[in-house]
Every structure is written in C-alpha cells, then in structure tokens.
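J.: attaching a predicted model along with its sequence, questions to come.
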There are 2 protein chains.
Amino acid sequence: MRETRKSLPIALLRTREAVMAHFRPMLATYGLNEQQWRVIRVLEEHGELDATALAQKAYVLGPSLTRMIKSLEERKLLIIGRDARDGRRTLLRLSTKAKNIVAEIAPLSDKIFQEIQMKSGVGDTDELLRLLDIVATRLEG
Amino acid sequence: MRETRKSLPIALLRTREAVMAHFRPMLATYGLNEQQWRVIRVLEEHGELDATALAQKAYVLGPSLTRMIKSLEERKLLIIGRDARDGRRTLLRLSTKAKNIVAEIAPLSDKIFQEIQMKSGVGDTDELLRLLDIVATRLEG
DNA sequence: GAATTATATTTAACATGTTAATTATGTTAT
DNA sequence: ATAACATAATTAACATGTTAAATATAATTC
C-alpha cells in the first residue's frame, strides 16, 4: 500500500486542517462554522442564487444546505424566495445583517490569509493555489 | 472579500472532492467509507496503535473514532485490546480479514492513483504532493 | 392535453464532525 | 498515602456528510 504520507486525499485533508485551524477561531466569534461561512461568502460573491447553484459553488450537499438554510434564515442572515418562472426553485440571498457581517469578517480573513502566507511562504502558497486549480480542473473535466 | 476561487480552504476542498470522487465507488464495493479506509490503512502501516495516535494519524476526531471502532469491531475488521501498562489506553489492530481486504484494495487504489496522475499530469501531481507537505508542515510547526 | 419523463428540493436514516462534559486511570506533590 | 492534577477514552448534543426515497413542479411526448 502507498504510504499514507504520499496519499493525495490524506495530504489534502491534512493541509486543509492545518489551514482551517487558523480561520475557525475567528469564525466562531461570529457564531459561524466553516460551511455556513462558505455559503455566505458564495452568496456575497454571486448575489441571489438557487439552492442547487449555491450548493455546488459552496461545496455543500443538497440535504445539508436545506438544513443550513432554515437555521440561517431563523438567524435573519438569509432571505428565502421562490422563483416566479420556475416554482421548483428556491432563491437565496443575503440579508443586510449578513452583508454587514461579511464586511466585518473580510479584513480579518485577509489578515489570517496573510499570516498563512507568511508561515507557508508566499511563493509556495501561490504555487499551491495554482496547482490545486489545475489538478481539480483536469479531474473535473 | 477574496474571490472564492482564490480561497485556499475552498481550493483544498474542491480538489479533495475531485480526487475522492475517483476512489469512493471502489471503496463502496467493500462497504467502506473514506474515514473507515483511512483508519484501516493507518493501522496497516503502523500496526497496533492506541486510539489517540490512530485518530491523529487518520485525521479522525476522538468521538468519531469511538463510534467507528464499535462498528468495525462488529464487522470483525478490528481487534480491540487494553494496554496492560496503562489501563486508560485502548489498543487497536487489524484482523486477518481486514488485512486481506487491504491486500485486495491496494492494487485497485494504486490503479486509481495512476489514473488520477494521468489526468492531472504526473509532474503536477508530484509537485502538488510536495507543496501540500511543505505548507502543512510549516503551518503545523 | 393527458401521460410520461425530467428536474429541484425536501425528507428520512444513519454516519461522521465538533465541542463540552463525564468517567476512568495515572502521575505528581505534599 | 492521600489530595490534587493530568491524561485517555467515552458520552452527550447538535451540526454536517451521504445516499436513497419522496414530493412538487416543469418539460416532453404521444
């Protein structure tokens, strides 16, 4: 068996954990977990989206998103609507409250990313991002 | 806010998903999920381990491991023991049945990894593994 | 245009992720 | 030797991950 150290899935998991460990404490002060933050930042970036598009872009599965939507709506962070042209689709967008939270988190997130770059090496971090995109794109295609 | 495409955590998640999509169907034919396979392959590599060491090496949290151990023991894949010198520790090792399954999966796993390398480019895959190790090591240290 | 097929979302059931609290065993200090 | 402290594992409670089935709405076909 290939050594665990040379396993691509395990290496990706390990690095992800090492990176997320830097972000989680900050997000926790806003009562957000990693998945909720992904959903929110994707909506910030794309504006209103239907549930399927949001789930794909935020790397969350449909059933998880269904539950998260309920919770985030109760917290007044998400506004849920129905598509007038296609009654099957749920449309999601951020509330003003959520947009304000994003505006607060953005500079903190940037600062954490810069710390990560300092520890990891700026060049190596950029190169890692580049390779991740290349490999994922080729595997998805 | 940094574009989602340039987010390191999301890039790592995306690539991990793209990679795991190639392995999951094969593991499913053995009734194993990703986490169970990590636990088994770590035990194959290191032999008997206590629960804390196993959890760390397999990137599984303690409470998850507790539940997985019960399930894997019921399936006769794991043998659970107590450390004679330290009564707090649970010692885990693979059954012969599990070792046989590893022997069957190993060549299939290698083949899938080679397919991934073909799609991703052998050089880029190697370079990605190298950078993942460098970045994780620096962030953990 | 009614029946069929396809798509979007939700629900259900069970597994793992996550944090905090609990229990059991060891170690250290006095 | 006992009290205080530390560590290993488990339990509890709730969140997300995962697959399959159910529900609702659209689109297609005859």
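T.: Received the coordinates, thanks.
J.: C-alpha from now on. contacts and neighbour counts both.
T.: OK.
J.: list the buried residues for the lengthiest helix in chain A?
T.: Ranked by residue count, the top helix of chain A under DSSP state H comes out as helix A:96-120. Using 16 or more other Cα atoms under 10 Å in any protein chain shown as the test for burial, helix A:96-120 gives A:98-99, A:102, A:105, A:109, A:112-113, A:116-117, A:119-120.
J.: what does stretch A:62-78 give?
T.: By 16+ other Cα under 10 Å, the buried positions in stretch A:62-78 come out as A:65, A:68-69, A:72, A:77-78.
J.: where do the helices sit along chain A?
T.: For chain A, applying DSSP H gives helices covering A:8-28, A:34-46, A:51-58, A:62-74, A:96-120, A:122-140.
J.: turn those into CSV, columns for mean pLDDT and distance to chain B.
T.: Shown next, in CSV, are these (pLDDT from 0 to 100; distance: least, Cα to the nearest Cα, whole Å):
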stretch, mean pLDDT, distance to chain B
helix A:8-28, 96, 5
helix A:34-46, 98, 7
helix A:51-58, 98, 8
helix A:62-74, 98, 15
helix A:96-120, 97, 5
helix A:122-140, 97, 5
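J.: those: which one's closest to DNA strand D?
T.: helix A:62-74 (4.4 Å; Cα to the nearest atom of the strand).
J.: give the other helices and strands that the closest one contacts.
T.: Here helix A:62-74 touches helix A:51-58, strand A:78-82, going by 3 or more Cα pairs under 8 Å, 6 or more residues apart in numbering or on different chains; DSSP states H and E.
J.: that older thread, identify the farthest-apart pair in the buried residues of stretch A:62-78.
T.: A:L65 and A:L77 (14.0 Å; Cα to Cα).
J.: check the buried residues of stretch A:62-78 against DNA strand C, which are close?
T.: Subset of the buried residues of stretch A:62-78 in contact with DNA strand C: A:L65, counting by Cα under 7 Å from any atom of the strand.
J.: got the contact list for the residue positioned nearest the centre of chain A?
T.: For chain A, the residue nearest the mean C-alpha position is A:R38 (2.3 Å; Cα atoms, centre = their mean). Applying Cα atoms under 8 Å, 6 or more residues apart in numbering or on different chains to A:R38 gives the contacts A:A58.
J.: that one and B:E3, how far apart?
T.: Computed as Cα to Cα, to the nearest Å, the A:R38 to B:E3 distance reads 11 Å.
J.: what's the answer for A:R5, then?
T.: Computed as Cα to Cα, the A:R5 to B:E3 distance reads 30 Å.
J.: okay, the two: which has more neighbours?
T.: Higher neighbour count among A:R5 and B:E3: A:R5, with 13 against 9, using other Cα atoms under 10 Å in any protein chain shown.
J.: contacts only, for the more buried one.
T.: A:R5 neighbours (Cα under 8 Å, 6+ apart): A:A11.
J.: let's see the pLDDT reported for it.
T.: pLDDT recorded at A:R5 is 90.
J.: would you mind listing what in chain A touches DNA strand C?
T.: Neighbours of DNA strand C within chain A, by Cα under 7 Å from any atom of the strand: A:24, A:50-53, A:62-63, A:65-66, A:88-91.
J.: which two among those residues are spaced furthest apart?
T.: A:R24 and A:R88 (34.7 Å).
J.: of those two, which one has the most company?
T.: Legend: neighbour count by other Cα under 10 Å for A:R24 and A:R88, higher for A:R24 (13 against 10).
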